[in-house]
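Novice: Structure for the following, please:
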Amino acid sequence: VVVPPVTEGAKVVVRAKPRYYDRRGSLSLTLDRIRPVGFGELLARLEQRKRLLAAEGLFAPERKRRLPFLPGCVGLVTGKGSAAERDVVENARLRWPGVRFRILNTLVQGETAALQVMEALRRLDDDPAVDVIVVARGGGSLEDLLPFSDEGLVRAVAAARTPVVSAIGHETDMPILDLVADLRASTPTDAAKRTVPDVVEESGRVRQARDRMLRAVRQQVDREQHGLTALRSRPSLAAPYELVEERRAAVVELRDRSRRSLGHRLDRARDDLAHGLARVRGLSPLATLQRGYAVVTTDDGHVLAGVGSAAAGQALNVRVHDGRLRTRVTEVHPEPGESAR
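Specialist: Numbers count the residues shown, from 1 in each chain. Presented below is the predicted three-dimensional model:
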């Protein structure tokens with residue numbers, strides 16, 4: 001296997017061992033080394049450079065950054081007055097008239113082209129107003145596009161903080177810059193289309209989104225309205241006072257029953273209390289005194305049970321229902337027959 005592959009018509013330098021066959025009169029060469037020269041040598045160097053940079057991960061998909069949806073300012077690196085500059089600017093403004101550009105013109109072929117593009121890239125990357133950088137050039141031969149396969153430029157694009165779009169040549173052209181850029185555009189016109197959105201398309205999408213949201217809101221409102229209608233048709237909501245009236249009548253009836261029951265109980269308790277009070281009053285000495293009786297006691301508090309316990313001249317205390325009397329015995333007259341008892 002020859003790396004890189006050798007195509008038909010390519011110029012190469014080989015180291016070989018010749019063999020000549022007498023019978024057939026043929027000569028063959030056994031090769032142990034082959035190296036392209038001229039155009040083939042150039043392709044071989046580019047292929048080797050691609051493999052080395054790819055081995056470092058500079059072309060890895062996870063390193064690619066998404067472009068901003070609507071960049072506030074687009075940085076453009078291209079040749080002065082070139083068709084590529086015109087294609088990018090005009091097509092971008094046709095799509096979004098308000099887009100702003102910061103254009104840095106450089107050489108796009110020749111020995112110093114790569115250095116100038118790197119410097120322009122650095123300046124645009126340092127500008128905080130620039131949201132995306134487009135490197136654009138029209139088509140050309142392999143030699144014309146060599147600056148965009150320069151290793152220094154490739155590494156500068158990989159190190160840039162701002163997303164970079166490569167728009168070099170035509171669809172069939174693919175310098176190494178296309179592999180390291182965050183987005184490869186097939187042409188400068190394609191770069192304009194993929195860098196800024198189309199105001200007509202976006203306006204249409206906004207209208208469609210607005211219509212979808214409006215339909216969704218209306219459907220939601222309709223569903224909620226149907227739900228409210230269903231709820232309002234329920235008896236509890238259609239005539240809520242009927243349930244309240246039914247409950248109110250039941251509460252009134254229970255209240256009246258409670259009052260009657262409580263009244264009966266209070267009446268019975270009042271009667272019981274009156275009867276008990278009457279019995280207590282009947283047993284009270286005060287009630288006896290109120291019927292005209294009196295309680296006679298001596299000075300030491302003993303009740304005088306009979307005349308035998310009293311003596312003439314003795315002071316006595318008489319308790320009647322409405323007060324006390326102080327009296328003195330003048331005479332003692334026992335009742336006949338009472339003493340015999």
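Novice: where exactly do the strands run in this protein?
Specialist: Taking DSSP state E to define them, one finds strands in the chain at 12-21, 26-36, 73-78, 100-105, 132-137, 164-168, 183-184, 295-297, 315-320, 323-328.
Novice: my guess is residue 70 meets residue 196, correct?
Specialist: Yes: checked against CB atoms under 8 Å, the pair residue 70 and residue 196 is within contact range at 7.0 Å. Yep, even glycine has a C-beta here, placed from its N, CA and C like the rest.
Novice: Comparing those two, which residue is more hemmed in?
Specialist: residue 196 (26 against 14; other CB atoms under 10 Å).
Novice: From residue 235, how far out is the residue lying closest to the more buried one once chain neighbours are set aside?
Specialist: With CB to CB, 6 or more residues apart in numbering as the measure, residue 96 is the residue that lies nearest to residue 196, at 4.4 Å, once sequence neighbours are left out. Separation of residue 96 from residue 235 (CB to CB, to the nearest Å) stands at 61 Å.
Novice: So for those two, which residue has more residues nearby?
Specialist: Neighbour count, other CB under 10 Å: between residue 96 and residue 235, residue 96 has more, with 18 against 9.
Novice: List the contacts of that one.
Specialist: In this structure, residue 96 makes contact with 70, 196, 197, 198, 199, judged by CB atoms under 8 Å, 6 or more residues apart in numbering.
Novice: contacting residues for the third one?
Specialist: By that I understand residue 197. With contact set as CB under 8 Å, 6+ apart, residue 197 has these partners: 69, 70, 95, 96.
Novice: Between those, which sits nearest residue 146?
Specialist: When the contacts of residue 197 are compared for distance to residue 146 (CB to CB), residue 95 comes out closest, at 31.7 Å.
Novice: Could you measure from that closest one over to residue 88?
Specialist: Following CB to CB, the distance that separates residue 95 from residue 88 is 11 Å.
Novice: residue nearest the centroid of the chain?
Specialist: Residue closest to the average C-alpha location in the chain (CA atoms, centre = their mean): residue 213, at 20.6 Å.
Novice: Can you pull out the low-pLDDT segments for this protein?
Specialist: Scanning the chain with the threshold set as pLDDT under 70 gives 1-7, 9-11, 35-42, 337-341.
Novice: Could you point out the longest helix of it?
Specialist: Of all the segments of type helix in the chain, defined by DSSP state H, the longest one is helix 240-283.
Novice: overlap in contacts of residue 95 and residue 88?
Specialist: Each of residue 192 lies in contact with both residue 95 and residue 88 under the rule CB under 8 Å, 6+ apart.
Novice: Which one of the two is surrounded by more residues?
Specialist: Here residue 95 and residue 88 are compared on neighbour count by other CB under 10 Å; more neighbours surround residue 88, at 30 against 18.
Novice: which residues touch the more buried one?
Specialist: By CB under 8 Å, 6+ apart, residue 88 lies in contact with 76, 78, 134, 136, 167, 188, 189, 191, 192, 195.
Novice: do that again at 10 Å, thanks
Specialist: Shown in contact with residue 88 (CB atoms under 10 Å, 6 or more residues apart in numbering): 74, 76, 78, 82, 101, 103, 134, 136, 165, 167, 185, 187-193, 195-196.
Novice: what does residue 15 give?
Specialist: By CB under 10 Å, 6+ apart, the residues touching residue 15 are 29, 30, 31, 32, 33, 34, 35.
Novice: now residue 203: how far from residue 197?
Specialist: For residue 203, the distance to residue 197 - CB to CB - is 10 Å.
Novice: In the stretch 1-150 of the chain, what residue spans correspond to helices?
Specialist: Defined through DSSP state H, counting those that start in this stretch, the helices belonging to the stretch 1-150 of the chain, from first to last, are 39-55, 83-95, 113-126.
Novice: how long is stretch 306-322 end to end?
Specialist: Across stretch 306-322, the straight-line distance between its terminal residues is 23 Å, by CA to CA, to the nearest Å.
Novice: how about it: buried residues?
Specialist: Applying a neighbour-count criterion of 16 or more other CB atoms under 10 Å, one finds 316, 319 buried in stretch 306-322.
Novice: cool, and stretch 128-142?
Specialist: Residues of stretch 128-142 classed as buried under the neighbour-count rule (16+ other CB under 10 Å) are 130, 131, 132, 133, 134, 135, 136, 137, 138, 139, 140.
Novice: domain parsing for this structure?
Specialist: The domain map for the chain lists 63-200, 285-328, with the assignment taken from automatic domain parsing.
Novice: Which of the ones you listed sits closest to residue 53?
Specialist: With distances scored as CB to CB, the stretch of the domains of the chain nearest to residue 53 is domain 63-200 (6.1 Å).
Novice: Would you pull up how far that closest one lies from the middle of the chain?
Specialist: For domain 63-200, the distance from its own C-alpha centre to the chain's C-alpha centre is 39 Å (CA atoms, centre = their mean, to the nearest Å).
Novice: Can you name the residues that contact residue 234?
Specialist: By CB under 10 Å, 6+ apart, the contact list for residue 234 reads residue 240.
Novice: what's the closest residue to residue 110 other than its chain neighbours in contact with, if anything?
Specialist: Nearest residue to residue 110 in three dimensions, chain neighbours excluded: residue 147, at 7.2 Å (CB to CB, 6+ apart). Contacts of residue 147 were listed using CB under 10 Å, 6+ apart, and they are 106-118, 137, 153, 168, 175, 177.
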